[in-house]
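[1] here you go, sequence then predicted model.
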Amino acid sequence: MSTKWGTQEIFRENFNLYDKNDYVRKDKDKTPFISCYITDWDVKGVPFFQETKGTVPLYVSASHWKGEGNLFRPCDMEAALTEFDEREYGDDKKCDKSVTTFLNWTPVIINGQQWLHYKVEQEAGSVTHLFLWIIAISDQHYLTFSFPTRAYNFQPEVLEAMKDFSAQIMQSVKITFPDWVLRLKAEAQEKWPNEHYSPTKEPLRWVREDPPPMRFDEASYNARHGITDDSTGLETEDLDSEVDEQFK
């Protein structure tokens, strides 16, 4: 069960995939993107109790791949996604969570179109599951439906319900390609006949140690604030407030 849809941003109904000014990150990244749609759902419990069990956001984005190759060729599309995840989560990046990606990699047909579906797990205290559905929409662009589900007081059946909910949303997605895109797809199939997406893909994993717990150093605090054993000028409430701020 879920509440009504969350507050939704206003997104343009039309945009030009080839206008670089429409993209986020522009030339700073090899895969800039356009946000197409964002919303979310609160996952609730049974009627009458209705405790919050988690959230299911939805992000829809169009990405421009600046690398080599043709995204209508399966091996090039797989290479593009692999390189993107290595840049996003790899050892030399800012990601501070342990990440496993390409879990349950599956090529899947939705309403007559070939999509790629897989899961990303991020571990930082609790595990966040990111369900992805991705499709090439030109030789340089792909569309992503991303559901970063998170269950509170983790229960496997709740996560499974979130996954099923996301899959049901995807069954409502229909894409009608214009003639120029159909020509590009046909040309790719003619140039690289009998090529298909890998039925499975070896997961990539980056393990990072949890940061050590922050501890309040009373001696250091006293030295910085000129507090001695016989100091009486600092109120207890003030000290408690500053300690809270330090922990934040």
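    Nice, thanks for sending it over.

[2] can you map out the helices along this protein?
    For the chain, the helices defined by DSSP state H occupy 74-89, 156-170, 179-191, 218-225, 236-247.

[3] least confident of those, on average?
    Lowest mean pLDDT within the helices of the chain: helix 236-247, a mean of 47.

[4] so, low pLDDT: which residues of the chain?
    For the chain, the stretches flagged by pLDDT under 70 are 1-9, 26-27, 47-49, 93-94, 125-126, 153-154, 210-218, 220-221, 223-226, 228-248.

[5] show me where it has its strands.
    Listed in chain order, the strands of the chain (DSSP state E) span 33-44, 52-64, 98-110, 113-124, 126-136, 141-151, 204-206.

[6] nearest to Glu78, of those?
    Among the strands of the chain, the nearest to Glu78 by C-beta to C-beta is strand 113-124 (8.1 Å). Placement of C-beta: from N, CA and C, glycine included.

[7] what pairs with the closest one, parallel or antiparallel?
    If you go by DSSP bridges, strand 113-124 pairs up with strand 98-110 (antiparallel), strand 126-136 (antiparallel).

[8] chain neighbours aside, what residue packs nearest to Asp17?
    Slight slip there: residue 17 is Leu, not Asp. Distances taken as C-beta to C-beta, 6 or more residues apart in numbering place His141 nearest to Leu17, at 5.2 Å, with adjacent residues excluded.

[9] that should have said Gln171, apologies.
    Sequence neighbours aside, Ile110 is the residue nearest to Gln171 in space, at 6.5 Å (criterion: C-beta to C-beta, 6+ apart).

[10] want to try JSON lines for the strands paired with strand 113-124, with distance to Trp41 as columns?
    Listed next are the strands paired with strand 113-124 as JSON lines, based on distance: least, C-beta to C-beta, whole Å:
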{"stretch": "strand 98-110", "distance to Trp41": "20"}
{"stretch": "strand 126-136", "distance to Trp41": "13"}
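
[11] between those strands, which one is closest to Val46.
    Comparing the strands paired with strand 113-124 under C-beta to C-beta, the one sitting nearest is strand 126-136, at 22.4 Å.

[12] by how many degrees do the closest one and helix 74-89 diverge?
    150 degrees (axes from the mean of the first three to the mean of the last three C-alpha atoms, to 10 degrees).

[13] now the angle from strand 126-136 to strand 141-151?
    Here strand 126-136 points in a direction 160 degrees away from that of strand 141-151 (the same axes, to 10 degrees).

[14] from Lys185, how far off is Leu28?
    No Leu there; residue 28 is Lys. Distance, Lys28 to Lys185, by C-beta to C-beta, to the nearest Å: 30 Å.

[15] which of those two has more neighbours?
    Shown here are Lys28 and Lys185; by other C-beta atoms under 10 Å, Lys185 has more neighbours (16 against 8).

[16] neighbours of the closest residue to Glu123 other than its chain neighbours, how many?
    Nearest residue to Glu123, sequence neighbours excluded (C-beta to C-beta, 6+ apart): Ser98, at 4.3 Å. Per other C-beta under 10 Å, the neighbour tally for Ser98 reads 17.

[17] do the same with Ile38
    With other C-beta under 10 Å as criterion, Ile38 counts 16.

[18] surely it and Phe145 touch.
    No - counting by C-beta atoms under 8 Å, Ile38 does not reach Phe145; the two are 11.4 Å apart.
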